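1. I need the structure of the sequence given here:
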Amino acid sequence: MALLLKPIIVPNRKIEPLRIGDELFRLRDSERFLFDLWASETARIWGIPLEYYFLDVAKSKRDPLYDEPTNRKYSRAYKLEAWVQMPTQNPIASEEGFRVHFDGTAWIARVDLETIKAPSDPREGDVIHFWDIPQFKEDAAANNRIPNAGYYFDIVNVIPDGHLFDTPSFVGYKLTIKRRSEFGAERRILPP
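-> Residues are numbered from 1 along each chain as shown. From the prediction side, this is the model:
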């Protein structure tokens, strides 16, 4: 008894070399959705809840000579999840007295800002608030009893982060944040 084996026939596909600029290298909506999902889930799993206050430049009053904001107006608090690195304390003792500067980093997923319908992308001058715990309220004010003090931070630098495969598409924002115990960011946000 002889077995007859049929040969496997593979269709002859035309294989073209890859060229830069072809559709092959473009991110489709489903791929962007996947990377946005990973960024958002990472922020939800490892992140903490925070309040984001956007500086409304159009409603703020500006100095006519120096073109600096004299009376800043901020949006309402937008609540979202973000990853925040523990801020480092930098104590400064001088002739003027004792003060503490806190430097840190925060990371916010771009898709989370789109989901909450944020009025703009993060910018320098915006304010974030996190860790609403009594210990940090005293710590943030250099152990002085300042009313409404807390972990309110100024955003001093914003960098789009998480670029996908060296493309302009990115999944989040890396924020450099700073708190100064003598000029807390809450003074601009909270009513006197």
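2. from now on I want contacts and neighbour counts done on CA atoms only, so please keep to that.
-> OK.
3. any chance you could map the helices in this structure?
-> Here the chain has its helices, by DSSP state H, at 29-46, 110-115, 134-140, 186-189.
4. pull out the buried positions in the shortest one.
-> Yep, that's helix 186-189 we're talking about. 186, 189 (16 or more other C-alpha atoms under 10 Å).
5. the second one too?
-> By neighbour count, with 16+ other C-alpha under 10 Å as the criterion, the buried positions of helix 110-115 are 110-113.
6. swap in the longest one?
-> Within helix 29-46, the residues that qualify as buried by neighbour count (16+ other C-alpha under 10 Å) are 35-37, 39-40, 42-44.
7. what packs against that helix?
-> Applying 3 or more C-alpha pairs under 8 Å, 6 or more residues apart in numbering; DSSP states H and E, one finds that helix 29-46 contacts strand 78-84, strand 97-109, helix 110-115.
8. one more pass at 10 Å, please.
-> In terms of contacts (3 or more C-alpha pairs under 10 Å, 6 or more residues apart in numbering; DSSP states H and E), helix 29-46 is packed against strand 78-84, strand 97-109, helix 110-115, strand 172-180.
9. most tightly surrounded among these?
-> Using mean count of other C-alpha atoms under 10 Å, the stretch among the helices and strands packed on helix 29-46 with the largest mean neighbour count is strand 172-180, at a mean of 22.
10. for this protein, name the helix or strand with the lowest mean pLDDT.
-> The least trusted helix or strand in the chain, going by mean pLDDT, DSSP states H and E, turns out to be helix 134-140, with a mean of 64.
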